[in-house]
Every structure is written in structure tokens, then in C-alpha cells.
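S.K.: pasting the structure only:
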């Protein structure tokens, strides 16, 4: 098996503002993100040889990208893989480029959740593995079950556990104030987070990310062609993705305080990227903070801190913007909301800008390697993607 | 010998204080939980009745109720499936008539007597609604009972005689489409209805068989209200101590289940050779004479244990929401999507029978059943395992305040004794009772109703320890 490392470069990216974009259509989102990316890459629409469209709920076909952009008769593949849809579209595009089939391709991740009500997120057919035992597979339930057990297994009182989660929420909201494209750009306090209305015990409103609309686009080129477009292109270092087979729902000996899918996807990506000490080698990470507990457990699964030590690390500021390893420097899903298919590519956008020292007040000093992480699905059957990026030599 | 092999009862956990209906009323009435109906309660009583009996030995199932969710479609088929009974059984509903429980008893015992079935299970349950604040609402209660008839060396009671009257009278009725029961004037329906018909049936049976009240250890009367209950015994010459205590104070009149519940209460106290008079009323009357055999003994948890195990609410609004009388803000729950009825058919062993799969290669138990084992990857090498009668322990839980619906759901991952794990709701519990390690048992409940009621097994805290 060969690694994807250094074979594919990102030469341009675009990203819309995320939020409740009542006045923007699906087409508006794709046009805005794509034309920012064209301009950034210095390419014309006609230069795009193939495209991938990641989304989970909004559009069922590749033509949904051709129509707004007027891409003419090129291959377009629509990719759906839950919360990993955007990153998986990106991954498939990388393989096509690495195989030498195309020189320049476009990847779009987008989602328009706010036109439909919550039923777009919770239709029964989407989670047949939960039917009919539990009401509709609400995401908050799934992650709250992990939080309850995490608190229990590590001997955290409700107050202690909640304080750790609140600290994550406060951090991400702080970072989000510096992200012009974020949905929520407001500081919150520990007290606000701890006392927010309960959604699914022990998770409160401020433990949850928002629901929003948004789109992000990346233009990829073969690495050896990238310098024709720009000097500060960003290289793909590793791509890991995997799906659980429902083990944690079926087997009574599975714990609920880690996501095996996280561990496995990271293992693949780390091996490709040559990462053996993630805490020191990775400088910044965009993590899937759909709920604060997900981010906490993901630190441990990805090897950013030892098992059971998330609280200590979080409260020590290790994952702050100026900490050893910045987690969600742009504010994460907490501040951007989670338009499913858009999130993965939006995360890559932040890593890309950081690598180019264009992240403004959020800029990390030495963004050596950056990581993105998505997780979506149901207990034991999550799909997780981990992607690693680095600057050119 | 032909007769009663076993019995079981079910009184829902929930009681409504009667003074919540109207100030000054005394006692409590048993009320079905928000996720219970006559089908789920019948299943609960049947589980209590069957306990360790082999479910495969049941040849017939009769379900008596006036409150089937369906006007067309058999409810007994659902009950039979949830009980994991055989496919080649005679299943029948006894619907609409208030004395369906005893009509079912007559049919069940006659089928067994005729030799066309070895064992017939009779279940009866009701959730009858009186108009808010009516005397009917005051006096009725919810509950279920089950009696197993069959040919066995150790039946606990035999039926010696029976007598039935069919009588046409508009005293209590509910037209299709109506929610609440209609009744005629009290004194008319008592005098022309209950007292007259039951009086006639009991007298004729005793005359026919040269019996007198003194021959009976206990007499069961199922009067619509306490006043009638006091009158009937005296009218027929029974002493107060002979009359089986009514359940008005603590449960209410449980409709189709009521005669069977009172019979069970009488059997629980009976000694060998005791004769019990059982009477019922509704569009006529049925009377039976039963005799306890040498094998009579208390069994199961008993009616009193169910009565004592309770949670009393005094919130009339909560009760009326549970029964769909008071409209509720459905919030996000209006978004419950329609199920595929085809998928429901395919998955009914998993949902109604709560089958899991047990891998014959590695022994792993998995719920719902899988084609490929999650532990050892063996393909299609599973035994079927019924999990509904196993106990479990909560592994993790959450209380979902955003889910909407009648009651805030407590969602759990529950580890099942003997292996396996279920993603399931905890019912009959308040959020502060949920905890990791809580021992639970499974109970059939209603889940959604997008097109039709859907039934699932939920976890509940173990209600009574044996």
C-alpha cells in the first residue's frame, strides 16, 4: 500500500459565511465558495477536470454542483458519508489526482439544513439501526450516553465533568469571536455553559453545536504541478477513514468512553503522514465538536492526551489557541454550526489558511502539521475521518 | 383434569388520586402509563401467568377488551406475538362486550373440554374512559388479568357449573368514533341492568344445581359501582365475609379484566375444596362455580403486591394528556416519520418478540439479531434467543429533554443478563431514578403512533423483587 503523503496539493480554497442563511439558496452557497476558491487558486472554471460534491441531506446528485457553477460535461461525483461527507469527497478527489487521472479537480462540501425543519436531521430511514427502539436517533442522546459513562468511569462528579465540558465550550466560543465566517461570534462564560438549559442530561444547550447552512470548496492539483499556481500550497499528508459495524451497540463488553472508529481512522492517517507522537507533531486540529464530550473523548482517542486526562489537559489550557496543540482554532462546530457535508471542507479551509499564515488573529506561530477530524453516525457505527495536512518543504 | 392451570394479574404502576378528579373524592384509581394500553397490559398479565411455563405449549389465545386500538384487525395477534407463542394457535379477540373476560373463560374452558386444544390462555385488559370528572371516570380503573386453562394433572381449580344470560339493554355504550362511555340514568341501569340480570343468573344457577349461598367460600360480584356491589350480595343472601372485596378504593373497575382479577384474588385465598361463585355483567351475565383442588396455592407476586407497588400522581392534567383527552403541544414530536409497514413485518421478531441472536460459534448474544457475528464474524450461525424475559442493568443513560412527546424519555444502553446489549427507553421511572448499574426488566410498551401504534420492549426498574 502506498501513502497519499505529498502526492496532492491544495492550491485554492473558498468558504462562505456559515449561519442561518435565510436569504441564500443552495446555488448561492456553492457559487460563493467556488468563486473564492477559483480566485484564490488563480484558475478558471474551465480548468476543472473533475469534481466531487460532499453533502449528506441537501442534494442527491453531482449535477447539483454542475448547475450553479455551469461546469460543462465533466465527471462529478456526489459523496454521502454522514458527517464525513465533505472529507470523504475530498479524499476521493485526492485519490483520483494521485492516480494521475486528473491534474486539477474541485471538491465542494455543502449543506442547507435550515430550509427544512429538524426532520432533515432525524428521518427514521437515516438510522435504521436505531429503529424502533429509541426516539428517532437524536444526536444529543447518543453523545449524552457517552458523557454519562465517561463521568462515571473516571469518577467525575456531575459538577466536575460539566466543568470540563464547559471549558471546551468557552474555548471554542472564544476562538470563534476571531472567525469572521463563523455563525456564533460571542464569548461565553463557564457559568453560562454550566447553567445552560439541559438538552440531554448531562449535556446542555452550550455543549451542543448549532445547526446552520454553509459551503466550502477546495481546488486540488497534483503536487508536482502545484507550484505553477502558488508558492504556499498545502500538501495532503495522510487520509484515514473508517466505519464502525455497530460493535458498541451489540457487544456488552464495549465501553462507551472512547470511539474505536476515532482510534482506527487516526491510526491510518498517522501512518501515512509519519506521525508517531501526535501531541508534539501536530500543531493544530479541527475536531468534530458536535458536542463538547465528543471533543473531550477525541483528544484521548487521537493520542493528544492520555486516557482519562482530558479534564486535566483542557483545564490546563493545553488545547487553547495559544496552547501546545490548538483544538478548533476557528471555533469549531460550536461556532460554525454543523452543516453536515460542509463541515469537513470548512475544517480543511482553516488548516489551509493557518498553513499560509492567513488566519489573522487566530494565527498559530508554527503551524507544522494540521489535522481535521469528523465523526458521524450512531453508537458503534460511526464513520470517522482524520486528515493531515502540512506546508510544502 | 380440566381446569385452571395458572393465573396472572397486572395493575399498572401509576395511580391517580381521585381527589385530583374532583375535590372530596376518596381513594385512587389505577391508570395505565402514558405508553401503556390494553394490549401491553394484557401481555404483562400473561407474562405473570406464564412465568416458567413453556410458551410453546399454548394452543390458543383469547384477548378480551373493550379498548382494542383497532376496530378492524385482531389485537390477539399482537399479544400472541409479544408473548412469543407458536404460530399454529387459535387466536381470538372478544371485543366490545364488558363481560368479554368471562365469555372468553367459557370459550377457553369449552375448547379445552372439547379436546380441540390442550392449553388456552385467556387475557383481558381495559383502559376505559369516562368523560372528565364523570362518576364513570371516578369508578373505572385500568388493569389486566390472564388465566391459563388446560388439561393437567395439577390444575388449581376446576369449573363445576356455568350459566349465562344474554340481555339487551342500553345502559353503557360507546359508538365507533366516540372516546367516552355513555351511560343511562344510574338507578335505571342498576335496577334494570346489573341487579336484575346478575340476580337472575346467580339465582337460576343455584336453583339448577341445588346450591345455596352457604355452599360458597367466596362470591365474586363485578358491580359498576360500590353501591351496587353492596346491594347485590345482600339481595342474593350472601354474608359480607363471603363477598370478594371489590377494588374500587385502590384500583377501580377494570372492565374486562375485573371479573378475572377478583377471581384471582379469591383463588389466592382459597383452600382445597372451596367453592367460588364468579359472576360478571355486560349485555347479560355469566356465572361460574369453581372449586379449588388440592393443588391450589398462591402463585406469582399476587394481586395485592401489584396493588401495593404504586406511584401516585395528583396531576390531573398529566393524566388527561396521557389519555389523549387534553391536547398536548407536540413540539418536535409531530415530526415522527411514518414507519414502513413492510419493514415492521420483517422486524417483528426483533421488536414484538424481542429476539436476539446467540452465535453458535462464539456464544455472543446480539440484539437485534445479526447475520454476521460482531464478535467472531461467523455467518448465519445463530440460535434465536428471547430476551424479553431477561433482566438487565443500565450501562449508561441520558434524559432527553429535547425529544418532545408526552413524557421526557430516559434513553439507556442496557446490558442484558447472559450477554447482549439493548438501546432502549427506561419507563415507569422518573429521570432522577436513572443510574448506571440500575437493575431492570423488560416491559412491552407503545412507542410511536405515526400510522398505527408501534410496540417495543422498554426497560423498567425491577418492579417487585421475588
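M.R.: Done, it's in. It should be emphasised that the depicted structure is a prediction, and the values quoted were computed from it without experimental measurement.

S.K.: which non-adjacent residue is nearest residue A:267?
M.R.: For residue A:267, ignoring the flanking residues on the chain, the nearest one in space by CB to CB, 6 or more residues apart in numbering or on different chains is residue A:240 at 6.9 Å. No exception for glycine: its C-beta is placed from N, CA and C like everyone else's.

S.K.: wasn't residue A:361 part of a helix?
M.R.: Yes: checked against DSSP: H, G, I helix; E, B strand; the rest coil, residue A:361 lies within a helix.

S.K.: surely it meets residue A:176?
M.R.: No: in this structure, residue A:361 is not within contact of residue A:176 by CB atoms under 8 Å, at 11.6 Å.

S.K.: show me the contacts for residue 287.
M.R.: Just going to use chain A. Neighbour list for residue A:287: A:294, A:295, A:298, A:299, A:302, A:327, A:328, A:332, A:373 [criterion: CB atoms under 8 Å, 6 or more residues apart in numbering or on different chains].

S.K.: wrong chain, I was asking about chain B
M.R.: Per CB under 8 Å, 6+ apart, neighbours of residue B:287: B:162, B:163, B:164, B:198, B:201, B:202, B:205, B:277, B:278, B:279, B:280.

S.K.: picking that back up, what two of the contacts of residue A:287 are the furthest from one another?
M.R.: Using CB to CB, the two most remote members of the contacts of residue A:287 are A:302 and A:332, lying 14.4 Å apart.

S.K.: can you pull the contacts of residue B:18?
M.R.: B:25, B:26, B:27, B:28, B:29, B:138.

S.K.: could you save those as a markdown table and add columns showing pLDDT, secondary structure and neighbour count?
M.R.: A markdown table is the format used below for the contacts of residue B:18 (pLDDT from 0 to 100; DSSP: H, G, I helix; E, B strand; the rest coil; neighbours: other CB atoms under 10 Å in any protein chain shown):
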| residue | pLDDT | secondary structure | neighbour count |
| --- | --- | --- | --- |
| B:25 | 93 | coil | 16 |
| B:26 | 93 | coil | 10 |
| B:27 | 95 | coil | 18 |
| B:28 | 97 | strand | 23 |
| B:29 | 97 | strand | 28 |
| B:138 | 93 | helix | 20 |
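
S.K.: assign the one residue in the stretch 101-250 of chain A that gets nearest to chain B to helix, strand or coil.
M.R.: Residue nearest to chain B within the stretch 101-250 of chain A: residue A:144 (3.4 Å; CB to the nearest CB). Residue A:144 carries the three-state label helix when classified by three-state DSSP.

S.K.: what's near enough to touch it?
M.R.: Residues in contact with residue A:144 (CB under 8 Å, 6+ apart) are A:199, A:200, A:201, A:202, A:203, A:291, A:293, B:398, B:400, B:411.

S.K.: need the longest helix for the chain.
M.R.: I'll assume chain A. Determined from DSSP state H, the single longest helix within chain A is helix A:158-176.

S.K.: sorry, should have said chain B
M.R.: The longest helix of chain B (DSSP H) is helix B:100-114.

S.K.: what does that helix contact?
M.R.: Here helix B:100-114 has contacts from B:2-3, B:60, B:62-66, B:90, B:92, B:94, B:97, B:117-122, B:124, B:145, B:147, B:149-151, B:159, B:162, B:164, B:256-260, B:278, B:280, B:282, B:286, B:288, using CB under 8 Å, 6+ apart.
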